[in-house]
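>>> I'd like to go over a predicted model; first the sequence, then the structure.
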Protein chains: 2
Amino acid sequence: MSSRLKDVAALAGVSVRTVSNVVSGSGHVAEATRQRVQQALDELGYRPNLAARNLRAGRTGLIGLVVPELYSPYFGELASLIVEAAQQRSWTVIIDQTFGDAEAERRLLDGTQGRLVDGLIISPWALGPEEVTTHARNAPVVLLGERPPRGLADRVAVDNVLAADEATTHLLEAGRRRIAAIGIQPHLRNGTADQRLTGYRTALRRAGAAVDDALERPVRELHREDGAQAMAALLDAPSAAPDAVFAFTDELALGALHVAHERGLRVPEDLAVVGFDDIEDGRYAQPTLTTVAPDKQQLAERALQCLADRIYSPDNGVPPLDIVVPHRLEVRGSSAPKA
Amino acid sequence: MSSRLKDVAALAGVSVRTVSNVVSGSGHVAEATRQRVQQALDELGYRPNLAARNLRAGRTGLIGLVVPELYSPYFGELASLIVEAAQQRSWTVIIDQTFGDAEAERRLLDGTQGRLVDGLIISPWALGPEEVTTHARNAPVVLLGERPPRGLADRVAVDNVLAADEATTHLLEAGRRRIAAIGIQPHLRNGTADQRLTGYRTALRRAGAAVDDALERPVRELHREDGAQAMAALLDAPSAAPDAVFAFTDELALGALHVAHERGLRVPEDLAVVGFDDIEDGRYAQPTLTTVAPDKQQLAERALQCLADRIYSPDNGVPPLDIVVPHRLEVRGSSAPKA
DNA sequence: GTGAAAGCGCTAACAC
DNA sequence: GTGTTAGCGCTTTCAC
């Protein structure tokens, strides 16, 4: 069916060694021989068997990208950037989804199913830093958006505490006083929501505003639907309604926006909204969504750079890196100052 | 560094054969031996080398998913479903992005870089069906959303002509007469836009409405920005403004919606909008977006089923399949009848 | 400049 | 029930 080096060699009347040289472009091959071999290669439509090459090389040129979900805009955009950056480095990306399942995260980290990838980029939800680094034994691992790890893995993320602080401060400066936070996730272990909550509270305290439990809302997941539910719950609560919302993801913010419209609230007049992630949808929402924009391009780029360093110099003794990627507050229509 | 079958065998005092049997669960192994081997496996943290296994097996358990872009909501959702469906079949997915580049599509199809995947699911933009099937030589290929191929590959898609016809008819029945079409793509070869245009015109003609060139707008890409530009162009044109828009993707529709708002048009009163794809954003847009909803779940499922059949029974002589996946018109706020 | 052959780690056919 | 070994297709050392 498919031809091997041996077949090409036979057809060209040379040894496999020579064919291999021609294919890889390495070694010295007489021009006449080269042409004859090339003709045989074309004639048979030779394609190298990568499994064989990988076995031989001890490397596969594959890296794993493990995300909770691929369908959400944030992870879709991130995955796209990572695949692109990987392609530039001649790596191919294998994608796995965990849906936040701890067992799945563990399994993919410790390579129970076998070693195939040269390295792993993982965005954990269910596993805390300790567990992540315990299980990461088989290949270099880079963490995306985790809490700083104590252990073995590099980590690339924005400064969530600072970013959340800035977002909240922006709302305070726009004259808002009852600022709700949507996106607390008691069941996740990766710490992102905790960090954003910390930043939010810090900003409130600094401004002398009260931290009100009733304004801090948990969500099950991070999608529009969850943001809508949380917003509805806020508006239905007996306490005074909020005049602003800081949502921990843009999707949550868009869900909140949706409910605000349904309830006849004007945004930003009655309710200001700030999100996090800077997904494309927010730029076209009605009104356009103010958001914390992580530099995703750099997130992807630095993650790959880390991985490359670990893969190509496995034992260079560099301690785990904790790389902070820049972000900026993208002020748009949803958070204009209170008239 | 990492241990091999041989190391485990040495530690357990058995042969590699026995260890292999224990690992794979096949063959008969005495319980006492099994336990001893298992202990050695755990002690060494043995992980099978998949490159070796793949070489031996002649299969990799990898399938390739080739999409133009991963960051757009439609392909993100689709990729997520395909990765999920693949996981259920114990396949792992390799993702490549072509950004609609013909050379990239060609290269990935014909496996120039080597054979690694057991099969390929591709959503081509730049390549027409002839070229696709010419280059698909190395592994079974399933086409997503292409024009019906004449050649070697299976194809899974919705009935684009019918769906576009229904969408347009829906607008006609809502009392609209000047219905614009946004999303023509003269530079793409996959035929999707052509089919939707055909359905759109068919519906207009059936209703006795005029087909007006000025209302058929080309776009460069299929994103919100392109929809916004096309909408702006429509509104700036000297001819009478449209009272409805059928956009060939939801992203285009959302861009059009955005511009409509900016220009002070009321949707749906002044302008009705219908999209295509049923991406999540549309359900939370303001107003919610009417759209043609392809059954993406089934799209993914059937594509994988096709691939499985071809991979496991390569020579069963079944001619290329052309599978039509159902869709439905999801009527929401953006296309309410003209008062 | 080219050929012969070892060996990457695994599975399974063949022995016993 | 377990050991021995050939061989998957490739790269590369060693020889000429």
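Ah, there it is.
>>> Mind jotting down where the strands sit in the stretch 1-150 of chain A?
Using DSSP state E, counting those that start in this stretch, the strands of the stretch 1-150 of chain A run over A:62-67, A:92-97, A:119-122, A:141-144.
>>> and these, which is most packed in?
Highest mean neighbour count of the strands of the stretch 1-150 of chain A: strand A:141-144, a mean of 26 (counted as mean count of other CB atoms under 10 Å in any protein chain shown). Bear in mind the C-beta positions are built from the backbone N, C-alpha and C, glycine included.
>>> In PDB, could you pull the C-alpha coordinates for that strand?
Written as PDB, here are the backbone C-alpha positions of strand A:141-144 (Å, rounded to 0.1, in the frame of the first residue of the first chain):
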ATOM      1  CA  VAL A 141       4.700  21.000  31.700                       C
ATOM      2  CA  VAL A 142       3.700  24.600  31.400                       C
ATOM      3  CA  LEU A 143       0.700  25.900  33.400                       C
ATOM      4  CA  LEU A 144      -1.600  28.500  32.000                       C
END
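>>> before we move on, the earlier item: what would the strands of the stretch 1-150 of chain A look like in CSV with distance to residue B:170 and mean pLDDT?
Below are these laid out as CSV (distance: least, CB to CB, whole Å; pLDDT from 0 to 100):
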stretch, distance to residue B:170, mean pLDDT
strand A:62-67, 37, 97
strand A:92-97, 35, 97
strand A:119-122, 44, 95
strand A:141-144, 43, 93
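>>> would you list the ones you listed in a markdown table and tack on distance to residue B:264?
Output for those, formatted as a markdown table (distance: least, CB to CB, whole Å):
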| stretch | distance to residue B:264 |
| --- | --- |
| strand A:62-67 | 40 |
| strand A:92-97 | 42 |
| strand A:119-122 | 46 |
| strand A:141-144 | 42 |
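>>> Among those strands, single out whichever gets nearest to residue B:52.
strand A:62-67 (14.5 Å; CB to CB).
>>> Test of understanding: give the bridge partners of the closest residue in space to residue A:96 that isn't next to it in sequence.
In this structure, residue A:96 finds its nearest non-sequential neighbour in residue A:66, 4.9 Å apart by CB to CB, 6 or more residues apart in numbering or on different chains. Judged by DSSP bridges, the bridge partners of residue A:66 are residue A:96, residue A:122.
>>> tally of neighbours for the closest residue to chain B within the stretch 51-200 of chain A?
Chain B sits closest to residue A:76 of the stretch 51-200 of chain A, with a gap of 3.2 Å, by CB to the nearest CB. Other residues lying near residue A:76 total 26 when counted by other CB atoms under 10 Å in any protein chain shown.
>>> Return the distance of the closest residue to chain B within the stretch 201-339 of chain A relative to residue B:288.
Residue nearest to chain B within the stretch 201-339 of chain A: residue A:286 (4.2 Å; CB to the nearest CB). Distance from residue A:286 to residue B:288, counting by CB to CB, to the nearest Å: 11 Å.
>>> now the helices: where do they sit in the stretch 201-339 of chain A?
For the stretch 201-339 of chain A, helices defined by DSSP state H, counting those that start in this stretch occupy the ranges A:224-236, A:250-262, A:280-284, A:296-312.
>>> pLDDT on the longest one, on average?
Computed over helix A:296-312, the mean pLDDT rounds to 95.
>>> Show the pLDDT at the closest residue to residue A:165 other than its chain neighbours.
In this structure, residue A:165 finds its nearest non-sequential neighbour in residue A:199, 3.9 Å apart by CB to CB, 6+ apart. Listed pLDDT for residue A:199 reads 98.
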